[in-house]
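Enquirer: I would like the atomic coordinates for the input below:
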Amino acid sequence: MENKKFKVALFMLPLLTQGAGAEKYFIELAKNFRDKGVEADVITMDEDFFRKFARLLHIFTRGNFFGKIDISGRERESAIRDQLGRSRWLKASYKDLGKTLRNYDVIYSKNEVVDLILLKIIGYKKLPPIVVGVHTPISYPETRSFNSKLHNCLYASFFYKWLIGGAKCVHVSNSSALRVIDKEFKLKSELIYYPFSIRQILDSAKKNKCDIEFDADKKNFIFVGRLGEQKGIDVLIKIIRKISGNKVLAGKTGINIFGSGDEAYQNAIKKMAEENSFVRYFGHVEHKFMPDILSRQDLLVAPSKWETLPYVILEAQGMGLPVIAFDIPGPSDIMIDGLTGFLVKNEEEFIEKTISIVQNEVKFSREEITKNIEKKFDPDIIYGQLLDMFEDNL
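Expert: Reported below is the predicted structural model:
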């Protein structure tokens, strides 16, 4: 890949220590761009701004006007900076954001409303060209909570179309998002998957050993993610209940749950772990240990109701781990149904397929799983595509 002589600012509002999928993607992007000779840094808002933003979110979603808010996040800042390699993480105040971003030739921003509002206030014409990456679905297919209903209403509004309208290009990572952008927004768009290196994740698994032990005599399956509506925790709870009602199944199974999130869901999972010896809840574990943890599992369950291109499925499949997920955009772009796992239509089928793997009725080839990831997400090809996209929009 020839060296590109331009500078890329990867912009997002939240601190990288929050540990969500988009944060991981930005870290990987910045590190690998630098390794390939391209100057790329991650720009976020500083702690003072994020603290005020978090307060507004708490007031709006929880009625928490004065209670303490923890913004320390799930990951240590020192670990984040290690992961970034030669790239930098720069924290900007609201006052200095425009000045910081103007040091670059092109800006890559998340498609979140708040991120785009900040750029719009500065003025798109006063900034370098902006490429917007769709890391939050424009529309949630299932809306039970007030927040998810509000999301769909807001992202379908003229206001959002006005916000995103100044972008030079929209980067999407699944085919469904491409159709939505083309049809609803009439903006220039490009479908480019996330780059993913199997070699890097295997190296990480060897380098960063986790001291958690799993029962080798059981079928260990794992859930990793935020404990919330989006990630399908209600489906996970139904799976646990189904297995707990069968002593033979329960004796064969180890369910390992990693993640934190909504208090109600967190308490429900803790209670499940207390009541069932085959369920273990670990809370949040530093991301660098996940490859090693995944390498010692038999199955990843990913019952998300909506996704863009879920990093945890990429990581699991990169380790040769079969996955069960709903047949929705994101998982369906990564997986091949029946060959690398199962893409299911409903909750009943999800539970049925999970049990079939526990009972050894279905087996998958780890070689076939990794071969699919190597082919679809070749990092050398995809980093080249991303850099070409940025260069085309300078």
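
Enquirer: ok, which stretches of the stretch 151-300 of the chain are helices?
Expert: Assignment of helices within the stretch 151-300 of the chain using DSSP state H, counting those that start in this stretch yields the ranges 158-164, 175-180, 198-207, 233-244, 247-252, 263-275, 290-295.

Enquirer: now do stretch 24-41: everything it contacts.
Expert: With contacts defined as Cβ atoms under 8 Å, 6 or more residues apart in numbering, stretch 24-41 is touched by 1, 3-4, 6-10, 12, 16, 42, 80, 83-90, 104, 108, 135, 194-195, 287, 311, 379, 383, 386-387. For glycine as for every other residue, the C-beta is placed from the backbone atoms N, C-alpha and C.

Enquirer: return the subset of these lying in helices.
Expert: Using DSSP state H, the subset of those located in helices is 80, 83-84, 311, 379, 383, 386-387.

Enquirer: just send those residues back as JSON lines, with distance to D217 too.
Expert: Output for the ones in helices among the contacts of stretch 24-41, formatted as JSON lines (distance: Cβ to Cβ, whole Å):
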{"residue": "I80", "distance to D217": "37"}
{"residue": "Q83", "distance to D217": "35"}
{"residue": "L84", "distance to D217": "40"}
{"residue": "Y311", "distance to D217": "30"}
{"residue": "P379", "distance to D217": "37"}
{"residue": "Y383", "distance to D217": "42"}
{"residue": "L386", "distance to D217": "44"}
{"residue": "L387", "distance to D217": "48"}
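
Enquirer: nearest to C153, of those?
Expert: Of all these, C153 sits closest to Y311, with 27.4 Å by Cβ to Cβ.

Enquirer: for T136, see how far away that closest one is.
Expert: Y311 sits 14 Å away from T136, going by Cβ to Cβ, to the nearest Å.

Enquirer: between these two, which has more neighbouring residues?
Expert: Taking other Cβ atoms under 10 Å, Y311 and T136 do not tie; Y311 has more neighbours (22 against 17).

Enquirer: what sits against that one?
Expert: Y311 neighbours (Cβ under 8 Å, 6+ apart): 21, 24-25, 194.

Enquirer: just the mean pLDDT for stretch 352-363, thanks.
Expert: Summarised as a single mean, pLDDT over stretch 352-363 is 92.

Enquirer: domain ranges for this structure?
Expert: 7-195+378-392, 198-376 (automatic domain parsing).

Enquirer: still on that earlier bit, packed most tightly, which of the helices of the stretch 151-300 of the chain would that be?
Expert: Each of the helices of the stretch 151-300 of the chain was scored by mean neighbour count; the highest is helix 290-295, a mean of 21, by mean count of other Cβ atoms under 10 Å.

Enquirer: which residues sit against it?
Expert: Taking Cβ under 8 Å, 6+ apart as the rule, helix 290-295 contacts 201-202, 204-206, 208-210, 212, 222, 224, 256, 258, 285, 300, 312, 315-316, 319, 321.

Enquirer: mind redoing it with 10 Å?
Expert: Around helix 290-295, the neighbours that count as contacts under Cβ atoms under 10 Å, 6 or more residues apart in numbering are 24, 200-212, 214, 220, 222, 224, 256, 258, 282, 285, 300, 311-312, 315-321.

Enquirer: of those, select the buried ones using a ChimeraX command.
Expert: In ChimeraX, this line selects whichever of the contacts of helix 290-295 come out buried by 16 or more other Cβ atoms under 10 Å:
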select :24,201,202,204,205,210,220,222,224,256,258,282,285,300,311,312,315,316,317,318,319,320,321
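
Enquirer: any weak-confidence spans in the stretch 1-150 of the chain?
Expert: Scanning the stretch 1-150 of the chain for pLDDT under 70 picks out the ranges 1-4, 57-71.

Enquirer: what are the boundaries of the helices in it?
Expert: 21-35, 47-62, 77-84, 97-101, 113-122, 146-155.

Enquirer: quick one: closest of those to K186.
Expert: K186 lies closest to helix 146-155 among the helices of the stretch 1-150 of the chain, at 15.5 Å (Cβ to Cβ).

Enquirer: what helix or strand is I355 located in?
Expert: helix 347-358 (DSSP states H and E).

Enquirer: how close does I198 get to D215?
Expert: As defined by Cβ to Cβ, I198 lies at a distance of 27 Å from D215.

Enquirer: I misspoke; the intended subject was V344.
Expert: On the measure of Cβ to Cβ, V344 and D215 end up 26 Å apart.

Enquirer: tell me which of these two has more neighbours.
Expert: V344 (20 against 12).

Enquirer: one step back: what comes up buried for the helix holding I355?
Expert: Neighbour-count burial for helix 347-358 [16+ other Cβ under 10 Å]: 350-351, 353-355, 357-358.

Enquirer: ok, and what's touching that helix?
Expert: Residues contacting helix 347-358 (Cβ under 10 Å, 6+ apart): 218-221, 232, 234-236, 238-239, 241-243, 246, 248-250, 252-255, 298-299, 301-303, 322, 324-327, 341-344, 346, 361-364.

Enquirer: that helix to helix 233-244, inter-axis angle?
Expert: Interaxial angle, helix 347-358 versus helix 233-244 (axes from the mean of the first three to the mean of the last three Cα atoms, to 10 degrees): 50 degrees.

Enquirer: tilt between the helix or strand following helix 347-358 and helix 198-207?
Expert: Going down the chain from helix 347-358, the next helix or strand is helix 366-376, by DSSP H and E. Comparing the axes of helix 366-376 and helix 198-207 via the same axes, to 10 degrees yields an angle of 130 degrees.

Enquirer: what is helix 366-376 packed up against?
Expert: helix 198-207, helix 311-318, helix 331-334 (3 or more Cβ pairs under 10 Å, 6 or more residues apart in numbering; DSSP states H and E).

Enquirer: tell me which other helices or strands the last one touches.
Expert: Helices and strands touching helix 331-334, by 3+ Cβ pairs under 10 Å, 6+ apart, are helix 175-180, helix 311-318, strand 323-326, strand 341-344, helix 366-376.
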